[in-house]
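# with the sequence up front, the predicted model follows.
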Amino acid sequence: MKRVVSYDIIDDKRRNKVFKLLKDYGQWMQYSLFEVECEEADWIELEFRLLSLLQKGDSLCVYTLCKSCHQRSYYQGELMNHLKEQNRSIL
C-alpha cells in the first residue's frame, strides 16, 4: 500500500530522526514529504516509531492511496526529472 507522509516537527534533532526513519522506508519527495510503499506489518512498525518521536506542537499527516488513486497520480516538472535521475520508480 502506498502512503504519502507529511510532517512538521519543531525540534531540529527530532526532525532529522523522522527524516532518517522515513528515508529507510520510502522515497523523499520534497522537504517534509515522503512516499512510502510497504506491507501493512511494516507500516504498523513505522507508524509506531514515528508517533514515538512526536511531541506537543508537532504534526504528522498520512494519506493512504487506494489502487485507483495510485494509478491516477502523476508528477510534472523538476521533481519528475530528479526521480528519473535517481532511477526510482514513479508511483
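Cool, got the structure.
# okay, CA-based contacts and neighbour counts for the rest of this
OK.
# check the gap between the residue nearest to residue 37 when sequence neighbours are not counted and residue 55 for me.
Distance criterion C-alpha to C-alpha, 6 or more residues apart in numbering; nearest residue to residue 37, sequence neighbours excluded, is residue 2 at 4.3 Å. As judged by C-alpha to C-alpha, to the nearest Å, residue 2 and residue 55 stand 25 Å apart.
# assign a three-state SS to the residue positioned nearest the centre of the chain, would you?
In the chain, the residue lying closest to the centroid (C-alpha atoms, centre = their mean) is residue 34, at 2.4 Å. Here residue 34 is strand, with the state taken from DSSP: H, G, I helix; E, B strand; the rest coil.
# where along this structure do the strands fall?
Counting by DSSP state E, the chain has strands at residues 2-8, 26-30, 33-37, 59-65.
# and the residue nearest to the centre of the chain, what are its bridge partners?
Note on residue 34: beta-bridge partners by DSSP bridges are residue 5, residue 28.
# and the gap between the residue nearest to residue 37 and residue 32?
In terms of C-alpha to C-alpha, residue 2 sits 17 Å off from residue 32.
# circling back: so residue 2 and residue 55 - more neighbours on which side?
Just comparing residue 2 and residue 55: by other C-alpha atoms under 10 Å the higher neighbour count belongs to residue 2, 19 against 12.
# model confidence for the more buried one, exactly?
Looking at residue 2, its pLDDT stands at 92.
# can you pull the contacts of it?
35-38, 64-66, 70 (C-alpha atoms under 8 Å, 6 or more residues apart in numbering).
# give me the buried entries from those.
Those of the contacts of residue 2 that meet the buried threshold are 35-37, by 16 or more other C-alpha atoms under 10 Å.
# tell me the one of those nearest residue 49?
residue 36 (14.3 Å; C-alpha to C-alpha).
# remind me which residues of this structure are low pLDDT?
Low-confidence segments of the chain (pLDDT under 70): 79-80, 82-84, 86-91.
# what do you get if the cut-off is 80, keeping everything else the same?
Judged by pLDDT under 80, the chain has its weakly predicted residues at 67, 69-91.
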